[in-house]
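In: Take a look and give me a structure for this.
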Amino acid sequence: IFKFLGAISVDLGKDKIKPYLPTILTPLYRELNSTYAEQDPTVKNLSQEIIELLRKLVGLEVFSLAFSSVQKQANQKRAMRKKQRALQTVANPDIAARRKMKRHKNKIETRKRKIEFLRPMYKAKRPRSHALKDLAMVE
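Out: Take a look at the predicted model:
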(Lines give C-alpha, C1' and ligand atoms only; values in the text may rest on other atoms or scores of the structure.)
Protein backbone atom coordinates (compact mmCIF):
# COMPACT_ATOMS: atom_id res chain seq x y z
CA ILE A 1 0.00 0.00 0.00
CA PHE A 2 2.87 2.36 0.76
CA LYS A 3 4.32 1.78 -2.71
CA PHE A 4 0.89 2.50 -4.16
CA LEU A 5 0.66 5.75 -2.19
CA GLY A 6 4.09 6.79 -3.46
CA ALA A 7 3.21 5.93 -7.06
CA ILE A 8 -0.10 7.81 -6.90
CA SER A 9 1.54 10.88 -5.40
CA VAL A 10 4.21 10.97 -8.12
CA ASP A 11 1.57 10.39 -10.79
CA LEU A 12 -0.73 13.18 -9.54
CA GLY A 13 2.07 15.73 -9.35
CA LYS A 14 2.78 18.68 -7.12
CA ASP A 15 -0.46 20.65 -7.45
CA LYS A 16 -3.00 17.81 -7.42
CA ILE A 17 -1.48 15.99 -4.44
CA LYS A 18 -1.77 18.87 -1.94
CA PRO A 19 -5.41 18.24 -0.86
CA TYR A 20 -4.68 14.54 -0.32
CA LEU A 21 -1.40 15.01 1.52
CA PRO A 22 -2.75 14.56 5.10
CA THR A 23 -4.63 11.42 4.02
CA ILE A 24 -1.47 9.96 2.50
CA LEU A 25 0.73 10.95 5.44
CA THR A 26 -1.50 9.43 8.14
CA PRO A 27 -0.54 5.73 7.64
CA LEU A 28 3.08 6.67 6.97
CA TYR A 29 3.28 8.62 10.22
CA ARG A 30 1.59 5.79 12.13
CA GLU A 31 4.16 3.31 10.82
CA LEU A 32 7.08 5.58 11.68
CA ASN A 33 5.94 6.15 15.26
CA SER A 34 4.81 2.61 16.03
CA THR A 35 6.52 0.99 19.00
CA TYR A 36 5.27 -2.59 18.86
CA ALA A 37 7.91 -5.25 19.22
CA GLU A 38 7.47 -7.32 16.07
CA GLN A 39 7.83 -4.49 13.60
CA ASP A 40 9.13 -5.12 10.10
CA PRO A 41 12.10 -2.77 9.44
CA THR A 42 11.55 -2.86 5.68
CA VAL A 43 8.10 -1.30 6.07
CA LYS A 44 9.52 1.42 8.29
CA ASN A 45 12.29 2.17 5.77
CA LEU A 46 9.76 2.24 2.93
CA SER A 47 7.55 4.71 4.78
CA GLN A 48 10.59 6.91 5.48
CA GLU A 49 11.52 6.86 1.77
CA ILE A 50 8.00 7.80 0.70
CA ILE A 51 7.94 10.66 3.22
CA GLU A 52 11.22 11.94 1.76
CA LEU A 53 9.75 11.63 -1.75
CA LEU A 54 6.67 13.60 -0.74
CA ARG A 55 8.81 16.26 0.92
CA LYS A 56 10.79 16.75 -2.28
CA LEU A 57 7.65 16.65 -4.43
CA VAL A 58 5.50 19.27 -2.67
CA GLY A 59 8.14 21.39 -1.00
CA LEU A 60 9.19 21.74 2.61
CA GLU A 61 6.65 24.35 3.71
CA VAL A 62 3.53 22.56 2.42
CA PHE A 63 4.83 19.21 3.63
CA SER A 64 5.60 20.60 7.10
CA LEU A 65 2.09 22.01 7.48
CA ALA A 66 0.48 18.72 6.44
CA PHE A 67 2.82 16.61 8.59
CA SER A 68 2.26 18.78 11.66
CA SER A 69 -1.52 18.49 11.21
CA VAL A 70 -1.20 14.69 11.04
CA GLN A 71 0.98 14.71 14.17
CA LYS A 72 -1.49 16.92 16.01
CA GLN A 73 -4.41 14.70 15.04
CA ALA A 74 -2.58 11.55 16.18
CA ASN A 75 -1.67 13.13 19.52
CA GLN A 76 -5.29 14.24 20.05
CA LYS A 77 -6.55 10.71 19.37
CA ARG A 78 -3.99 9.26 21.77
CA ALA A 79 -4.96 11.73 24.49
CA MET A 80 -8.65 11.02 23.91
CA ARG A 81 -8.15 7.25 24.26
CA LYS A 82 -6.14 7.77 27.44
CA LYS A 83 -8.85 10.00 28.88
CA GLN A 84 -11.59 7.50 28.00
CA ARG A 85 -9.62 4.69 29.64
CA ALA A 86 -9.27 6.75 32.82
CA LEU A 87 -12.98 7.59 32.81
CA GLN A 88 -13.89 3.95 32.25
CA THR A 89 -11.86 2.99 35.31
CA VAL A 90 -14.05 5.27 37.42
CA ALA A 91 -17.35 4.48 35.67
CA ASN A 92 -16.94 0.70 35.39
CA PRO A 93 -14.66 -0.58 38.16
CA ASP A 94 -15.50 -4.23 37.42
CA ILE A 95 -14.23 -3.96 33.83
CA ALA A 96 -11.14 -2.12 35.08
CA ALA A 97 -10.52 -4.84 37.68
CA ARG A 98 -10.84 -7.54 35.00
CA ARG A 99 -8.39 -5.70 32.76
CA LYS A 100 -5.96 -5.28 35.66
CA MET A 101 -6.14 -8.99 36.51
CA LYS A 102 -5.51 -9.93 32.89
CA ARG A 103 -2.53 -7.58 32.70
CA HIS A 104 -1.13 -9.00 35.94
CA LYS A 105 -1.51 -12.57 34.65
CA ASN A 106 0.30 -11.66 31.42
CA LYS A 107 3.07 -10.02 33.45
CA ILE A 108 3.58 -13.19 35.49
CA GLU A 109 3.69 -15.33 32.33
CA THR A 110 6.23 -12.98 30.74
CA ARG A 111 8.41 -13.16 33.83
CA LYS A 112 8.31 -16.98 33.74
CA ARG A 113 9.21 -16.98 30.05
CA LYS A 114 12.19 -14.71 30.69
CA ILE A 115 13.43 -16.93 33.52
CA GLU A 116 13.15 -20.02 31.31
CA PHE A 117 15.05 -18.25 28.55
CA LEU A 118 17.85 -17.11 30.86
CA ARG A 119 18.07 -20.41 32.76
CA PRO A 120 17.09 -23.29 30.46
CA MET A 121 17.42 -25.90 33.23
CA TYR A 122 14.81 -24.13 35.35
CA LYS A 123 11.17 -24.85 34.53
CA ALA A 124 8.67 -22.41 35.98
CA LYS A 125 5.40 -23.82 37.20
CA ARG A 126 2.65 -23.26 34.67
CA PRO A 127 -0.95 -23.13 35.77
CA ARG A 128 -3.12 -25.94 34.51
CA SER A 129 -5.32 -24.84 31.69
CA HIS A 130 -8.97 -25.36 32.44
CA ALA A 131 -10.51 -24.04 29.26
CA LEU A 132 -14.03 -23.61 30.59
CA LYS A 133 -12.87 -22.14 33.88
CA ASP A 134 -10.64 -19.58 32.11
CA LEU A 135 -13.56 -18.49 29.93
CA ALA A 136 -15.85 -17.93 32.90
CA MET A 137 -16.44 -14.36 34.01
CA VAL A 138 -14.74 -13.13 37.15
CA GLU A 139 -17.22 -12.53 39.95
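
In: Now do the helix ranked longest in the chain, average pLDDT.
Out: Across the chain, the longest stretch assigned as helix under DSSP state H is helix 60-91. Averaged over helix 60-91, pLDDT sits at 93.

In: Quick one: list the elements packing against that helix.
Out: helix 21-32, helix 41-58, helix 93-118 (3 or more C-beta pairs under 8 Å, 6 or more residues apart in numbering; DSSP states H and E). Glycine gets a C-beta too; all of them are placed from N, C-alpha and C.

In: what's the first one in contact with?
Out: Here helix 21-32 makes contact (C-beta atoms under 8 Å, 6 or more residues apart in numbering) with 1-2, 5, 8-9, 17, 43-44, 47-48, 50-51, 54, 58, 62-63, 66-67, 69-71, 73-74.

In: cutoff 10 Å now
Out: If you take C-beta atoms under 10 Å, 6 or more residues apart in numbering as the criterion, helix 21-32 is touched by 1-2, 5-6, 8-9, 12, 17, 39-40, 43-44, 46-51, 54, 57-58, 62-63, 65-71, 73-74.

In: do you know how far the residue positioned nearest the centre of the chain is from residue 79?
Out: Centroid-nearest residue in the chain, with C-alpha atoms, centre = their mean: residue 34, separated by 4.7 Å. From residue 34 over to residue 79 the distance is 18 Å, taken as C-beta to C-beta, to the nearest Å.

In: Also residue 73?
Out: For residue 73, the distance to residue 79 - C-beta to C-beta - is 11 Å.

In: These two: which is more packed in?
Out: residue 73 (13 against 10; other C-beta atoms under 10 Å).

In: For the more buried one, which residues are in contact?
Out: 22, 26, 29.

In: How about the residue nearest to the centre of the chain: what's its closest non-neighbour residue?
Out: Spatial nearest neighbour of residue 34, chain neighbours left out: residue 44 (8.0 Å); criterion: C-beta to C-beta, 6 or more residues apart in numbering.

In: How many residues are close by that neighbour?
Out: Residue 44, neighbours per other C-beta under 10 Å, totals 15.

In: Next, the contact list for it, please.
Out: 28, 31, 32, 33, 34 are the contacts of residue 44 under C-beta under 10 Å, 6+ apart.

In: Out of the residues you listed, flag the one nearest to residue 113.
Out: If you rank the contacts of residue 44 by distance to residue 113 using C-beta to C-beta, residue 34 comes first, at 23.0 Å.
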